[in-house]
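A.B. asks: here is the input, now give the coordinates:
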Amino acid sequence: MKPRPSIFIPELESYIDSSLVYKPNPVFSEMETYAKEKNIPIVTAATGGVLSHLVSLVEPKQVLELGTGLGYSTLWMAVGSLNSQFVTVDRHEAQAALLDEYAKKMGIWEQIRVKRVTASVLEYLQREQDEWIQSDLFFVDCDKITYPEIFRILWKEARPGSYFLFDNMLWHGRVLSPDPQKPSDLAVMTLWDEVKSQVSRYTLYPVGDGLLFFQKDKK
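C.D. replies: Here you go, the predicted structure:
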């Protein structure tokens, strides 16, 4: 994975993540080091802190995470709400399995309730609706090309009152001048168009690469 530019001025983002973010467990720093060494994309520490805080306020019964990575964001959310059930989906089994090991290192393995699913996220959504329809918070951080289709599926089928979080919504600053030749740029901009036309209220948290938060209207 080639380095992506930050949306912040040089060195500010690394300073925020290393010096200004409260990390409830030192294992988070270990995960950050591993992800950097292995070129595994993860959310920033600041984004993790916001995820944890939002989940602690919402207290969802079940969270569906699309894109496990190595479990960094999963564990941030789990720390924020130990009573929530988490279902996290990723096609890379060996990488996603690191979540289990890091949870054990943190000493929270016996406290958290996490189900890992090895599958393509779109295949999972099509095949396992009976499971994910129970979710009341959705966190999406997978292949950006799939974002518009994921939004359409979840927005239509999710229960009223459900919460949504999409990462990378500033797309490394490329929302300013997206390249029409890049499918990922077009997908992020398409999702923005759909959200702005269909969602009554939303909030963009300018942490990491932009974290978008909104709720499906209650009937």
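A.B. asks: go ahead and confirm E32 touches A45.
C.D. replies: Yes - between E32 and A45 there is a contact under CB atoms under 8 Å: 6.7 Å. Glycine gets a C-beta too; all of them are placed from N, C-alpha and C.
A.B. asks: quick one, which of those two is more surrounded?
C.D. replies: A45 (25 against 18; other CB atoms under 10 Å).
A.B. asks: low-confidence bits of the protein, can you list those?
C.D. replies: Where the chain drops to pLDDT under 70, the residues are 1-4.
A.B. asks: longest helix of the protein?
C.D. replies: helix 183-198 (DSSP state H).
A.B. asks: ok, N83 to Q126 distance?
C.D. replies: N83 is 29 Å from Q126, where distance means CB to CB, to the nearest Å.
A.B. asks: is L204 in a helix, a strand, or coil?
C.D. replies: Classification of L204 by DSSP: H, G, I helix; E, B strand; the rest coil places it in strand.
A.B. asks: report the spatially closest residue to R201, excluding sequence-adjacent ones.
C.D. replies: F214 (6.6 Å; CB to CB, 6 or more residues apart in numbering).
A.B. asks: return the set of residues that bridge with the one you found.
C.D. replies: F164, Y202 (DSSP bridges).
A.B. asks: can you get me a residue count around it?
C.D. replies: Residues contacting F214 under the criterion other CB under 10 Å number 19.
A.B. asks: repeat that for H53.
C.D. replies: 14.
A.B. asks: and L211, backbone torsions?
C.D. replies: The phi/psi pair for L211 (degrees, to the nearest 10) reads phi -110, psi 120.
A.B. asks: same question for G107.
C.D. replies: phi 80, psi 20.
A.B. asks: helices of this structure, start to end?
C.D. replies: Under DSSP H, the chain gives helices at 12-15, 27-38, 45-58, 72-80, 93-96, 98-106, 121-127, 129-132, 147-157, 183-198.
A.B. asks: ranking those by burial, who's on top?
C.D. replies: Most buried of these by mean neighbour count (mean count of other CB atoms under 10 Å) is helix 72-80; its value is a mean of 25.
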